[in-house]
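A.B. asks: what shape does this take:
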Amino acid sequence: MVRNNGAIERIQAETKDFADRAASCLQGFPDSPAKDDLKALNAYLVGRVY
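C.D. replies: Predicted structure coming up:
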């Protein structure tokens, strides 16, 4: 039922939106391993398949 009503696609789009907003918040910080890790975590969470 969840798969048939588009809920997964809506949540995936919302997740990508949050990740994009989080990434834009990181732009003001200098490059660092921690910043790279946060960006990688965002990419992992958005790309994760259940």
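A.B. asks: contacting residues for the residue most central in space within the chain?
C.D. replies: For the chain, the residue nearest the mean C-alpha position is Ala19 (3.2 Å; Cα atoms, centre = their mean). Taking Cβ atoms under 8 Å, 6 or more residues apart in numbering, we find Ala19 in contact with Asn42, Ala43, Leu45, Val46. Every residue, glycine included, has its C-beta placed from N, CA and C.
A.B. asks: burial of Arg21, as a residue count?
C.D. replies: Applying other Cβ atoms under 10 Å, we find 10 residues neighbouring Arg21.
A.B. asks: send me the helix or strand containing it as CSV with only the CA atoms.
C.D. replies: In the assignment (DSSP states H and E), Arg21 maps to helix 7-26. Only the C-alpha atoms of helix 7-26 are listed here, as CSV (Å, rounded to 0.1, in the frame of the first residue of the first chain):
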residue,chain,number,x,y,z
ALA,A,7,4.7,7.9,-0.2
ILE,A,8,8.2,6.6,-0.8
GLU,A,9,8.8,9.0,-3.6
ARG,A,10,7.5,11.9,-1.6
ILE,A,11,9.7,11.0,1.4
GLN,A,12,12.7,10.6,-0.9
ALA,A,13,12.2,14.0,-2.4
GLU,A,14,11.8,15.5,1.1
THR,A,15,14.9,13.8,2.3
LYS,A,16,16.9,15.2,-0.7
ASP,A,17,15.5,18.7,0.1
PHE,A,18,16.7,18.5,3.7
ALA,A,19,20.1,17.1,2.6
ASP,A,20,20.5,20.0,0.1
ARG,A,21,19.6,22.5,2.7
ALA,A,22,22.1,21.0,5.2
ALA,A,23,24.8,21.0,2.5
SER,A,24,24.2,24.7,1.8
CYS,A,25,24.6,25.4,5.6
LEU,A,26,28.0,23.9,5.4
